[in-house]
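Asks: Pasting a predicted model and its sequence here:
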Amino acid sequence: MKKALSLLLALMLILSLAACGGSDETTGTTAATEGNTTEAEAETTAAPESSDETEAEAEPVTLKWALWDLDQTAYYKAIMDAYKTVAPNVTIEPTDLGSADYMNMLQTQLAGGSDFDVVTIKDVPGYANLVAQDQLEPLNAFIAEAGIDTAQYGGTTDQVTVEGELYQLPFRSDFWVVLYNKDIFDSQGVDYPDNDMTLEEYDEIARKLVNGEGNEKVYGAHYHTWRSAVQLFSILDGKHTVVDGTYSWMAPYYEMILKQQDDGIVMDYATAVSTSSHYRDLFYNSNIAMMNMGTWQIGSQIMAVADGTTDVANWGVVKYPHPDGIEAGTTLGTITGVSVSKNAPNKEAALDFIGWLSGPEGAKVVAGTGTIPAIHTAAVMDSITSLDGFPEDQNSKDALQTAKVYLEMPIHPQAGEIEVVLNEEHTEIMTGAKSIEDGLAAMERRVAEIIG
């Protein structure tokens, strides 16, 4: 009896050990390995369970994100959806401040004590103002701690560093191209533009494409009401910037565009302003044949074709037109960044989000919507040109290869004040309130007073 009881106890012990070994089948751990595990190692292997529990129990966080054109921009929803898979406990609550006066609206909201966690940076002057007013969180310490290599941004962060400190991380790095409506070219029997189009050739092509009257009129080209759409042709030679304080060299470009305006080749500035004509609507409705615009419009155009909000499904892209003697592919650039509000209620979570968005994973998401991310790699650019809806012709694919990209406005302590002057005098010239000569002279005088 005692012998039988001993055998029974031994059998139970064996079964117990077998059960312990069997519990590790899902992790691939063998019973032999389990038997050699020390107590210290057992504690180490148990640590991930504690970490998983902590992650699963992470408190919900709502990040308030200030941005513009939420419903018209392809990448916002994609970014928020993708980040939800990375940080399930984080909900992003976007606030659309509109595009027309976004940076001023943002500045007013932050100065008034808004509870934004993350803010999108649209332009350098507005960024310089927010830094000067101490509204943005300095990022150098976070960048070092997170191990972010700013070299991946191709030097753009150097151009927005203020007294050694960075206050934004770029997630988009756009440059100007020309989008065009192939159906309009076909209807007028005009050859499509190519990737080495001079300004003179661009003017000639635009003049051949004008047709129709009234609401049905098709313009050969279009300049949005931003001063950059006109003034920045003049910096493509690399000899000038818009903060230099001298502006007489802009005259030939104003002359060309005012002549196009007078001849009805493009919509006149006053009409565009008074009717609040958005460049997207004009292009989507086939009212313009060629549109000078940033690469951000590529993603929006693809999205518009997919959801049926435009009839222009037959379109293409070419490099920006350039003055004689300037290398094809020379263009203007701008970055769009994300910053953390100095008074962000959820600062740590906000920093994690902008680090992800401006990094390689965020770049993949942005590129997946047809938008140029801040990190330019061959794989990223290929992912854009291979998207469903991107034009299939080789010229359109080659249009995304640039030679030189000049920042629209370099960082300057008085960038915001200079921007006001450039905009005001641009309006005076484009509406005919001042001659080109008088308007440019006023720019020089007023900017000189600002920068001394």
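Replies: Good, I have the coordinates.
Asks: The closest residue to Val190 other than its chain neighbours: what's it in contact with?
Replies: Setting aside the residues directly before and after it, Val190 is nearest to Lys208 in space (CB to CB, 6 or more residues apart in numbering), at 4.9 Å. For glycine as for every other residue, the C-beta is placed from the backbone atoms N, C-alpha and C. Neighbour list for Lys208: Gln188, Val190, Gly220 [criterion: CB atoms under 8 Å, 6 or more residues apart in numbering].
Asks: Pull out the buried residues from the residues you listed.
Replies: Neighbour counting over the contacts of Lys208 (16 or more other CB atoms under 10 Å) leaves Val190, Gly220 as the buried ones.
Asks: Adding pLDDT and distance to Asp244, write the contacts of Lys208 out as JSON lines.
Replies: Rendered in JSON lines, the data for those read as follows (pLDDT from 0 to 100; distance: CB to CB, whole Å):
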{"residue": "Gln188", "pLDDT": "98", "distance to Asp244": "40"}
{"residue": "Val190", "pLDDT": "98", "distance to Asp244": "38"}
{"residue": "Gly220", "pLDDT": "98", "distance to Asp244": "32"}
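Asks: and which of the contacts of Lys208 is nearest to Ser435?
Replies: Gly220 (24.9 Å; CB to CB).
Asks: Could you name the helices and strands sitting against the strand ranked longest in the chain?
Replies: Longest among the strand segments of the chain by residue count, using DSSP state E, is strand 169-181. Packing contacts for strand 169-181, counted by 3 or more CB pairs under 8 Å, 6 or more residues apart in numbering; DSSP states H and E, involve strand 290-294, helix 296-307, strand 315-319, strand 330-340, helix 347-357, helix 360-367.
Asks: closest one to Tyr406 among these?
Replies: strand 330-340 (5.7 Å).
Asks: quick one: the closest one to chain centroid distance?
Replies: Between the centre of strand 330-340 and the centre of its chain there are 6 Å (CA atoms, centre = their mean, to the nearest Å).
Asks: Hmm, Arg280 and Val312 touching each other?
Replies: No. Assessed by CB atoms under 8 Å, Val312 is found out of contact with Arg280, at 10.6 Å.
Asks: residues shared between the contacts of those two?
Replies: In the contact map built from CB under 8 Å, 6+ apart, the residues linked to both Val312 and Arg280 are Ala304.
Asks: Give me the residues contacting stretch 111-122.
Replies: By CB under 8 Å, 6+ apart, the surrounding residues in contact with stretch 111-122 are 63-68, 92, 95, 99, 102-103, 106, 109-110, 127, 130, 133, 135-136, 168, 336-341, 343-347, 349-350, 353-354.
Asks: Please spell out the PyMOL selection for the buried subset of those residues.
Replies: Selecting just the buried residues from the contacts of stretch 111-122 in PyMOL takes one command, with 16+ other CB under 10 Å as the test:
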select buried, resi 63+64+65+66+67+68+92+95+102+103+106+109+110+127+130+135+136+168+336+337+338+339+340+341+344+346+349+350+353+354
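Asks: now the helices and strands packed on strand 169-181 in JSON lines, with distance to Ile235 and mean pLDDT?
Replies: Formatted as JSON lines, the entries for the helices and strands packed on strand 169-181 read as follows, by distance: least, CB to CB, whole Å; pLDDT from 0 to 100:
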{"stretch": "strand 290-294", "distance to Ile235": "14", "mean pLDDT": "96"}
{"stretch": "helix 296-307", "distance to Ile235": "20", "mean pLDDT": "92"}
{"stretch": "strand 315-319", "distance to Ile235": "16", "mean pLDDT": "98"}
{"stretch": "strand 330-340", "distance to Ile235": "7", "mean pLDDT": "94"}
{"stretch": "helix 347-357", "distance to Ile235": "29", "mean pLDDT": "98"}
{"stretch": "helix 360-367", "distance to Ile235": "26", "mean pLDDT": "94"}
